[in-house]
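[1] Predicted coordinates and the sequence they were generated for:
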Amino acid sequence: MEIDLLGTAGPRGWPEAGCRCASCTRMRAARRALEPTRVLLDGVPLVGIR
């Protein structure tokens, strides 16, 4: 079994659009962004996991 984790942020990515918390503000100021977490199990995307 091969598990691949793609992206490491929450379901909407990070920084989250419209969020004004210190963490999201710093990420935007640094022009950085992380993709939402996605998981592949043996090359097949897992959807709807929590």
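    Good, I have the coordinates.
[2] so where do the helices sit in the chain?
    Taking DSSP state H as the test, the helices found in the chain are 22-29.
[3] what pLDDT does Gly48 get?
    Gly48 is assigned a predicted lDDT (pLDDT) of 60.
[4] How about Met27?
    Met27 is given a pLDDT of 95.
[5] any idea how far the closest residue to it other than its chain neighbours lies from Ile3?
    In this structure, Met27 finds its nearest non-sequential neighbour in Pro15, 4.1 Å apart by Cβ to Cβ, 6 or more residues apart in numbering. Where C-beta positions appear, they are placed from N, C-alpha and C, glycine not excepted. Pro15 sits 26 Å away from Ile3, going by Cβ to Cβ, to the nearest Å.
[6] again, but for Arg32
    Distance of Arg32 to Ile3, given as Cβ to Cβ: 25 Å.
[7] Any regions of this protein where pLDDT drops low?
    Flagging of the chain using pLDDT under 70 yields the residue ranges 48-50.
[8] Do a quick rundown of the strands in it.
    Counting by DSSP state E, the chain has strands at residues 3-6, 38-41, 44-46.
[9] Give me the distance from the first one to the chain's centre.
    In terms of Cα atoms, centre = their mean, to the nearest Å, the centre of strand 3-6 is found 12 Å from the chain centre.
[10] list the helices and strands that strand packs on?
    strand 38-41 (3 or more Cβ pairs under 8 Å, 6 or more residues apart in numbering; DSSP states H and E).
[11] Next, work out how far apart Val39 and Glu16 are.
    Distance of Val39 to Glu16, given as Cβ to Cβ: 20 Å.
[12] Repeat that for Gly43.
    To Glu16, Gly43 is 29 Å away according to Cβ to Cβ.
[13] With neighbour numbers in mind, choose between those two.
    Using other Cβ atoms under 10 Å as the criterion, Gly43 and Glu16 rank with Glu16 on top: 15 against 7.
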